[in-house]
Structures are given as structure tokens and as C-alpha cells.
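S.K.: would you be able to build a 3D model of this:
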Amino acid sequence: MAFEILALVDKGGYASDLLYTRSAGLDSRDAGLAAEIVLGSLRVQGQLDFLIERHSGRAVGQLDAEVRIALRMGIYQLRYLSRVPAHAAVGESVELVKRSPKRWAAGLVNAVLRKIDREAVEWPDRARELSHPEWMLGRWERQYGWETAEKIARANLATPETYVRGPLPDGRGSVEPTEVPGCYRVTGGRAEGLRIQDIGSQSVVPLLDLRPGLRFLDLCAAPGNKTAQALESGVRAVACDIHLSRLVNMKGAGADLVVLDGTRPLPFGGQFDRILVDAPCSGTGTLGRNPEIKWRLSPGELAAFPLRQVALLKNALERLAPGGRLVYSTCSLEREENEDVIAQVRARVERLWRRLPGVDRGDGFFAAVLTSD
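M.R.: Numbers count the residues shown, from 1 in each chain. Predicted structure coming up:
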């Protein structure tokens, strides 16, 4: 299953979504191992590719996808996991290639994996050591300084902690409260059936200062975690998204649901006391959970996000009531999607807020609190 999922990720799929849908019927231990192999291999892919090239004498880009994926999986198990016996990691990786159209490469996979050990490696550069593209590390260094940039990168290599909204029922597991009201860190047991929501995500809604009876608009609501959190305050909520398929899962939550493209003028006659624009973004604050992003994103692609983000924000501000409050947020670490977007709209900035992986708990987030006259 891990091999199949990584092959789909290689073609543009998203690891977490694929793991959720494909491992639903697995035993919990098997599902956990599949997730560890998939996400772990993606997190340290830069290191794995360096070792492949060192021991095969071939550039990774010259290898067929099936061979490349089997090698990454095998090396990850041999170097980073302790519960998979070495002979099993090698044997299963070879069998995966034998069952693929590239069965001729089974000997190559076997030869490379038998050279892998757990000895310390002298990485040739920081991009390989930290398993991030150099252009990305350089951006963070310029914006935050190298000490913080390194903390961000190292945090992205670790398995993220699990946070839930509300305490676990008796017997389900154990949790501890965090500094965010209603947010709990799972310290033991399983969080199945609960609303898993990162602490960074849960930190955004309190910035709105919600109160019962206020009219609230969530312009980019799906999958609905922030809308559900807002509804805890007793607001009258309207939740929007451009995709009907993503809004369907929010039925019954207590919000009015509207399918619309927020980059176009909004079809509401009235105004809203509170508005959340949790804008679509590059997601560079979530690389611990979505590690494939760092291998897909390019500097040029970043230029496309602000165009949409500015349009969303301008349209939302037109529907903000006098004395109202709007929060613009992203899970991006990039200035172009954050401060530079705010600079392009006419609004009073009450507060700029940020969380950084490795510095703060959870994913990275940016938010700006804007108010109207």
C-alpha cells in the first residue's frame, strides 16, 4: 500500500488524503506503518536520494519511478525504522520491483540496499542534510535568519504531534490542555472519531473575538474545522467554498453553506460583523504533515498565490460591517502570501501574528487582524 500511494504521490496525489482513503480498512498497526513509510520517506527524500546516488552510481532522475520509490522505501526502513528487520526491508523492496513493469531492476535494488547501514553520513550540503530544496532554505534564511530557518527545517523532518478540538472521551486515550482554549494535545491512545485539528489552526479563530449573535462569514471554509470552532461561540455563520464536494461534508454543522468563487464580487446583500479569509496558499507552514509540497513547489509558482489571495481579501473587506473585524490567514511562511498581500489592500491593521514550526508548537501560520471604521 505504501508503494502504491507513493507512486500516486509521484503523479501529483496528496499523501495524507491517499492514506486516509486507502488505509481505512487496515489493522491500526498496519495503517500506522504505511503512514510512517509514506510520510517518512517524503520528509527525508533529499537524504534518501543522496544515498541512492552514492550507492548506485546513477542520478535519481535517471531511474524509473518504480525503482526510485522502492529504493527510497527500503533505505528509509533500513536507516530510520527499528521495528522492520533488515532482511524484510530488502526482500520486500526487491519484490515490489519484481511485481512492477521494471522487474529487470530487482538486482540493482538488492545491490544498493545491501550497502545501506546506520552509520553517520557526511552530507554534502545543507539542502541534503535538512532534506529541503536550497531555494526554500535560502528564502527562510533571508526572512527569519539562519538559526530560525534551520529550526523550521528540522521540525519538518519530525512526525507532527496530534492535537484535537475538545477533550477525549473516557477510555479513548489521554490528552493535555494547551495554551489555546479548547485545544488538547494527544499524549496517548488514539484520536479516532475526534476532530483532529492542529494547534496552529486552532489559534486563528480566537483572533476574531467572536460573540453570540454576531454574523460570521468564513469565505474559504472547507474542510470546515475553523467554521466548527467558530460555531462554538454562538455566531450566525455562513460558510463558503468554490467546490460543492468539499462543502458537502459540512452539512449539519449549523452554518449556511454557499458555493461561490470568492475572487469574484460576493453575492451577499448584507454585511458581516466578523469575516475569516483562510486563504488557499502554498502550505509551506505544513511541510511536516504534507512533505510532498516541498518537492513540488517552485519559486515561480509562488507568484500565482498572491493574485488570488488579494482578490479574496478585497472582496471580503467590501462585506465587512462598520466596526467589524476580519482575519486573513494562511498556513504559508512566505512573505509574498502574507505581509505583501496585506500591503495591497486598504484596511486598518490591528495586529500581525505568526507561528513558526520549530519555534512554536504545531504547523506554521500567519494571520492579520483587520478592522473597519
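
S.K.: show the pLDDT at Val175.
M.R.: Here, the pLDDT recorded for Val175 equals 85.

S.K.: quick check: it vs Tyr184, distance?
M.R.: 4 Å (Cβ to Cβ, to the nearest Å). C-beta coordinates here come from the backbone N, C-alpha and C atoms, glycine included.

S.K.: kindly report the same for Glu337.
M.R.: Distance from Glu337 to Tyr184, by Cβ to Cβ: 29 Å.

S.K.: which residues touch the residue nearest to Ala239 when sequence neighbours are not counted?
M.R.: Nearest residue to Ala239, sequence neighbours excluded (Cβ to Cβ, 6 or more residues apart in numbering): Ala221, at 3.7 Å. Neighbouring residues of Ala221 by Cβ atoms under 8 Å, 6 or more residues apart in numbering: Thr227, Ala239, Cys240, Asp241, Leu247, Met250, Ala255, Asp278.

S.K.: same thing with Glu161?
M.R.: Arg185, Val186, Arg361, Gly362.

S.K.: what of Val180?
M.R.: Here Val180 is in contact with Ile199, Gln202, Ser203, Pro206 (Cβ under 8 Å, 6+ apart).

S.K.: may I see the PyMOL selection of the buried members of those?
M.R.: PyMOL command restricting those to the buried ones, with burial defined by 16 or more other Cβ atoms under 10 Å:
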select buried, resi 199+202+203+206
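
S.K.: give me the number of residues near Ala106?
M.R.: Close neighbours of Ala106, defined as other Cβ atoms under 10 Å, add up to 19.

S.K.: phi and psi next, for it.
M.R.: For Ala106, the backbone dihedrals (degrees, to the nearest 10) come out as phi -60, psi -40.

S.K.: got the contact list for it?
M.R.: Ala106 sits next to Val94, Val97, Lys98 when contact means Cβ under 8 Å, 6+ apart.

S.K.: highest neighbour count among those residues?
M.R.: Highest count within those by other Cβ under 10 Å belongs to Val97, 25 neighbours.

S.K.: returning to that earlier point: which one's more surrounded, Glu337 and Tyr184?
M.R.: Using other Cβ under 10 Å as the criterion, Glu337 and Tyr184 rank with Glu337 on top: 25 against 22.

S.K.: if I read this right, the more buried one contacts Ala304, doesn't it?
M.R.: No. Counting by Cβ atoms under 8 Å, no contact exists between Glu337 and Ala304, whose distance comes to 10.3 Å.

S.K.: how is this structure carved up into domains?
M.R.: 2-117, 198-371 (automatic domain parsing).

S.K.: report the helix or strand with the lowest average pLDDT across the chain.
M.R.: One helix or strand of the chain scores below all others by mean pLDDT, DSSP states H and E: strand 173-177, with a mean of 83.

S.K.: pairing partners for the very next helix or strand once past that strand, with directions?
M.R.: Sequence order places strand 183-189 as the next helix or strand after strand 173-177, per DSSP states H and E. Neighbouring strands of strand 183-189 in its sheet, by DSSP bridges, are strand 163-165 (antiparallel), strand 173-177 (antiparallel).

S.K.: coming back round to it: what's the spacing between the least confident helix or strand of the chain and its chain's center?
M.R.: 23 Å (Cα atoms, centre = their mean, to the nearest Å).

S.K.: and what of stretch 21-40?
M.R.: 18 Å.

S.K.: swap in stretch 279-292?
M.R.: With Cα atoms, centre = their mean, you get 4 Å for stretch 279-292.

S.K.: average pLDDT for that stretch?
M.R.: Stretch 279-292 shows a mean pLDDT of 97.
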